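Visitor: Just a sequence and a predicted model for now, questions to come.
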Protein chains: 2
Amino acid sequence: MAKIDDVARLAGVSTATVSRALRGLPMVTPKTRDRVLSAAAELGYVASPSASRLAGGRSGSVGVVVPRVTRWYFATLVDAAEEVLRASGHDVLLFNLAGRQAATRRLFHGSGLHKRVDALILACVPRTAEDDAALDRLGLPIVVVGGRQPGWGSVCIDDQAAARAATEHLIALGHRRIAHLAGDAHDEFASNVHIDRTAGYRQALCAAGLQPEEALEVEAGFTIDGGARGMAELLRRGDPPTAVFAACDETAMGAMRTLREYGLRVPTDISVIGIDDHELSAVLGLTTVAQPAVAEGRLAASMLLEALTGSAKVHPIDVVVPTRLVVRETTGPPRLIPLPRAAGGEDGARDLSRWPG
Amino acid sequence: MAKIDDVARLAGVSTATVSRALRGLPMVTPKTRDRVLSAAAELGYVASPSASRLAGGRSGSVGVVVPRVTRWYFATLVDAAEEVLRASGHDVLLFNLAGRQAATRRLFHGSGLHKRVDALILACVPRTAEDDAALDRLGLPIVVVGGRQPGWGSVCIDDQAAARAATEHLIALGHRRIAHLAGDAHDEFASNVHIDRTAGYRQALCAAGLQPEEALEVEAGFTIDGGARGMAELLRRGDPPTAVFAACDETAMGAMRTLREYGLRVPTDISVIGIDDHELSAVLGLTTVAQPAVAEGRLAASMLLEALTGSAKVHPIDVVVPTRLVVRETTGPPRLIPLPRAAGGEDGARDLSRWPG
DNA sequence: CTGAAAGCGCTTACAG
DNA sequence: CTGAAAGCGCTTACAG
């Protein structure tokens, strides 16, 4: 492994010049630069990142922390952010919280981040006030995705508006008994997103003269299994809704799984709508409020790069990306004859000829 | 930011002792260790990773390179590997190839990996002989997932056996015209997996006395869109199959999307089976050959840790994890009356009451 | 068991 | 534009 001195010797210059030439700094004659470049190429020289980092004071990597990479939204975010970060020569350190509370606390307050990253993307990561203070002390550029924080950059959708749009779509179809499979406040994926979505749902209801009912709201969480359990709970309560607004597409998919197991038809018996436009929503025919996850990931990364490379200190900005209602096949007008209170039969589960239709 | 000298001064010892105590090395009196520990805690001392790495010679992070994090299998792998890596105090550097060929070549041959990682997980990454040589030159412990490489560790399923099991399931149901939506050789996700799966498909056919037909094999790729296109191509060829074995669940899902658009019923008109047991396969009722992706990710990470921390030089091993047929609702006996050659009608697309059933 | 000192391989003022 | 030298903050033989 060639080191910087080897290159310097071969090129007949000092290590300082090698360092400058290789990093494309000004103040190097083209001629000198060429000599250095070809010497480096000849030796297959690659600078040691830890040495550069120690001497230069920057780690060259940015941290991306997500609740769970396996969820569509976060995988998409990571994918998109990684591309722009990598293109700018940064490494990406992935922090996948995966519900490990202790690990999360340790990450924010311990040695997990210190001197390890130059900047941070925080996607829907629930944080306490102490967490925020600890993160601020790091003194790094930070962008939160799916939320907002004074002093940091942010990119998010208008969660209330998205939820309103979803609910209004249901109302416009004629639904009156509209349930909500909400995110869970005690859930590791929560952050503020679930609160806003629930608020939007209630706003739409009230605006239409409908009374939000406690019996129609279930804390399901942002996962398929959560959605499945939440839907089952809803059906167990009796007097089922004619439509369900799920906190996200994965929740909606879980709900569909349950409806199917109960032999209920979508949308004939119950309409379902989500938020996201998950890659598989088209396969399932799921009606949803789409959010541009790829653009969000790219934006977050770009904002960080700007803060990192910008000559002047950039003021962190908050950007709200647009959402868009995508009507597919899981929503339709309500049944004329309401479902019996004991909805569906277990034996209906095998009757696939009726599903989702 | 406190440095090691600050801790040394406060504890009244040398920096060497601080270093040893903090890393839990032997040869430190419990008493001394305690003094150091509390001094470090009092100062909120955290060692600079780049300094440790430069001095100690190891980067403290392991690289995980995947074709694309957004795919279920890779997201699951990354999630699982990250957990065990993080638990052992390692950082994980994510390399998401995302079809960027140039970036991939640069990663293997350039400065992307050099001195940046202590070990490497390569998941279904297609490599040339030169890539392998370059990676070998890195001198790191490497584990490949979904493949095998002399000198490196590996974890994979028996792809041929899995493909055989899927095809045999279809044959056992009475199918004779069985198509295959294969991975694509020119695809960035390919590696050797697609070759083995296609081979297994043909083996099962031959074993049952069926003749593999070129017209029944389409290179679709391991993605939803690829599966959708592949299925459309298959239908366009006329004389449609009664069953389709897709290279993976996402391919199968894409195929189902197309079938639905054509108004064809699953499994009544055409049966569909995949490989994976994707999180959403249960939602779709997709029959599949399940592979334990979480276990694979954990295993790969553990094998690396063993190589990293093992006192003796560990011999790289190859582990094959088991697969398991999961019969759900997208496979059934073939139609008694074959489909017309011009399969399906465009207008059938909206008739959801028949789908998938 | 503990310490003094060299060294890891770069980058960055500071001179020139 | 280029170089000599200090310094980044640790770890690791080497002594003791």
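Guide: Yes, it's here. Since the structure is predicted, the reported quantities are computational estimates derived from the model, not experimental observations.
Visitor: Could you use CA atoms for every contact and neighbour count after this?
Guide: Noted.
Visitor: Give me the nearest residue to A:Ala51, chain neighbours excluded.
Guide: Of all residues not flanking A:Ala51 in the chain, B:Leu54 sits nearest, at 5.8 Å (Cα to Cα, 6 or more residues apart in numbering or on different chains).
Visitor: now A:Val218
Guide: Leaving aside its sequence neighbours, A:Val218 sits nearest to A:Leu181 (Cα to Cα, 6+ apart; 5.1 Å).
Visitor: Which neighbouring elements make contact with the helix or strand that contains that neighbour?
Guide: Using DSSP states H and E, A:Leu181 maps to strand A:178-182. Counting contacts by 3 or more Cα pairs under 8 Å, 6 or more residues apart in numbering or on different chains; DSSP states H and E, strand A:178-182 is packed against helix A:193-207, strand A:217-219, helix A:224-236, strand A:243-246.
Visitor: Just want the angle from it to helix A:224-236.
Guide: 140 degrees (axes from the mean of the first three to the mean of the last three Cα atoms, to 10 degrees).
Visitor: so what strands line up beside strand A:178-182?
Guide: Next to strand A:178-182 in the sheet, as set by DSSP bridges, lie strand A:217-219 (parallel), strand A:243-246 (parallel).
Visitor: Of those strands, flag the one that's most buried.
Guide: Burial of the strands paired with strand A:178-182 is given as mean neighbour count (mean count of other Cα atoms under 10 Å in any protein chain shown); strand A:243-246 ranks first at a mean of 31.
Visitor: Touching that one from outside, list them.
Guide: A:166-167, A:170, A:175, A:177-182, A:227, A:252, A:270-275, A:331, A:334 (Cα atoms under 8 Å, 6 or more residues apart in numbering or on different chains).
Visitor: OK, contacts around the closest residue to DNA strand C within the stretch 101-250 of chain A?
Guide: For the stretch 101-250 of chain A and DNA strand C, the shortest gap (Cα to the nearest atom of the strand) falls at A:Asp118, measuring 13.7 Å. For A:Asp118, the contacting residues are A:Arg58, A:Ser59, A:Gly60, A:Ser61, A:Val62, A:Gly63, A:Leu140, A:Pro141, A:Leu308, by Cα under 8 Å, 6+ apart.
Visitor: try 10 Å this time
Guide: Taking Cα atoms under 10 Å, 6 or more residues apart in numbering or on different chains, we find A:Asp118 in contact with A:57-63, A:90, A:138-142, A:304-305, A:308.
Visitor: just A:Tyr201 next, same as before
Guide: A:159-168, A:178-180, A:182, A:212, A:245-247.
Visitor: A:Ala247 too?
Guide: Listed by Cα under 10 Å, 6+ apart, the contact partners of A:Ala247 are A:159, A:163, A:166, A:180-184, A:193-195, A:197-198, A:201, A:219-223, A:227, A:273-276.
Visitor: which residues of the stretch 51-200 of chain A score low on pLDDT?
Guide: Applying pLDDT under 70 to the stretch 51-200 of chain A flags the ranges A:185-191.
Visitor: mind checking how far the one residue in it that gets nearest to DNA strand D is from B:Ser59?
Guide: Closest approach between the stretch 51-200 of chain A and DNA strand D, counting by Cα to the nearest atom of the strand: A:Ala55, at 3.3 Å. From A:Ala55 across to B:Ser59, the span is 16 Å (Cα to Cα, to the nearest Å).
Visitor: More neighbours: these two, which one.
Guide: More crowded of A:Ala55 and B:Ser59, by other Cα atoms under 10 Å in any protein chain shown: B:Ser59, with 21 against 11.
Visitor: from memory the more buried one sits against B:Leu140, does it?
Guide: No - counting by Cα atoms under 10 Å, B:Ser59 stays clear of B:Leu140, with 11.6 Å between them.
Visitor: joint contacts of those two?
Guide: Common contact partners of B:Ser59 and B:Leu140 (Cα under 10 Å, 6+ apart): B:Lys115, B:Val117, B:Asp118, B:Ala119.
Visitor: Whichever of these end up buried, select them in PyMOL.
Guide: Per 16 or more other Cα atoms under 10 Å in any protein chain shown, the buried members of the shared contacts of B:Ser59 and B:Leu140 correspond to this PyMOL selection:
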select buried, chain B and resi 115+117+118+119
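Visitor: And the strands in the stretch 1-150 of chain A?
Guide: A:61-66, A:91-96, A:119-123, A:142-145 (DSSP state E, counting those that start in this stretch).
Visitor: Dump those strands to CSV, plus distance to B:Gly12.
Guide: Shown next, in CSV, are the strands of the stretch 1-150 of chain A (distance: least, Cα to Cα, whole Å):
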stretch, distance to B:Gly12
strand A:61-66, 35
strand A:91-96, 36
strand A:119-123, 35
strand A:142-145, 38
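Visitor: and these, which is most packed in?
Guide: Neighbour counts (mean count of other Cα under 10 Å) averaged over each of these peak at strand A:142-145, with a mean of 26.
Visitor: Need the contact partners of that strand.
Guide: Here strand A:142-145 makes contact (Cα under 10 Å, 6+ apart) with A:62-66, A:77, A:118-125, A:135-136, A:149, A:151-157, A:293, A:296-297, A:299-304, A:307, A:316-320.
Visitor: Restricted to helices, list those.
Guide: Per DSSP state H, helices hold the following members of those: A:77, A:135-136, A:293, A:296-297, A:299-304, A:307.
Visitor: partner residues bridging A:Val143?
Guide: Beta-bridge partners of A:Val143, counted by DSSP bridges, are A:Ile121, A:Gly153.
Visitor: From A:Leu122, how far off is it?
Guide: The gap separating A:Val143 from A:Leu122 is 6 Å, by Cα to Cα.
Visitor: shared neighbours of these two, anything?
Guide: When contacts are counted by Cα under 10 Å, 6+ apart, A:Val143 and A:Leu122 have A:Val64, A:Ser154, A:Ala300 as shared neighbours.
Visitor: what would those residues look like in CSV with distance to chain B?
Guide: Formatted as CSV, the shared contacts of A:Val143 and A:Leu122 follow (distance: Cα to the nearest Cα, whole Å):
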residue, distance to chain B
A:Val64, 10
A:Ser154, 23
A:Ala300, 17
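Visitor: Return only those of those found close to DNA strand C.
Guide: Applying Cα under 7 Å from any atom of the strand, the subset of these adjacent to DNA strand C is empty.
Visitor: host element of the nearest residue in space to A:Gln203 that is not next to it in sequence?
Guide: Once flanking residues are discounted, A:Gln203 sits nearest to A:Arg164: 6.8 Å by Cα to Cα, 6+ apart. Per DSSP H and E, A:Arg164 falls inside helix A:159-172.
Visitor: tell me which strands and helices that helix is in contact with?
Guide: Applying 3 or more Cα pairs under 10 Å, 6 or more residues apart in numbering or on different chains; DSSP states H and E, we find helix A:159-172 packed against strand A:178-182, helix A:193-207, strand A:243-246, strand A:271-276, strand A:287-290, strand A:324-326.
Visitor: In a markdown table, list these along with distance to B:Val283.
Guide: Putting the helices and strands packed on helix A:159-172 into a markdown table (distance: least, Cα to Cα, whole Å) gives the following:
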| stretch | distance to B:Val283 |
| --- | --- |
| strand A:178-182 | 17 |
| helix A:193-207 | 23 |
| strand A:243-246 | 15 |
| strand A:271-276 | 14 |
| strand A:287-290 | 16 |
| strand A:324-326 | 20 |
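Visitor: Please identify the deepest-packed of these.
Guide: Most buried of the helices and strands packed on helix A:159-172, by mean neighbour count (mean count of other Cα under 10 Å): strand A:243-246, with a mean of 31.
Visitor: what angle separates the helix or strand just after that strand from strand A:178-182?
Guide: Counting by DSSP H and E, the element after strand A:243-246 in chain order, helix or strand, is helix A:249-261. Counting by the same axes, to 10 degrees, helix A:249-261 lies at 120 degrees to strand A:178-182.
Visitor: could I get helix A:249-261 in CSV with only the CA atoms?
Guide: Output of helix A:249-261 as CSV, limited to C-alpha atoms (Å, rounded to 0.1, in the frame of the first residue of the first chain):
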residue,chain,number,x,y,z
ASP,A,249,-50.1,2.0,2.7
GLU,A,250,-48.5,-0.8,4.7
THR,A,251,-51.2,-0.3,7.4
ALA,A,252,-53.8,-0.4,4.6
MET,A,253,-52.3,-3.6,3.2
GLY,A,254,-52.5,-5.2,6.6
ALA,A,255,-56.1,-4.2,6.9
MET,A,256,-56.8,-5.7,3.5
ARG,A,257,-55.2,-9.0,4.6
THR,A,258,-57.6,-9.1,7.6
LEU,A,259,-60.6,-8.1,5.5
ARG,A,260,-59.8,-10.9,3.2
GLU,A,261,-59.5,-13.4,6.0
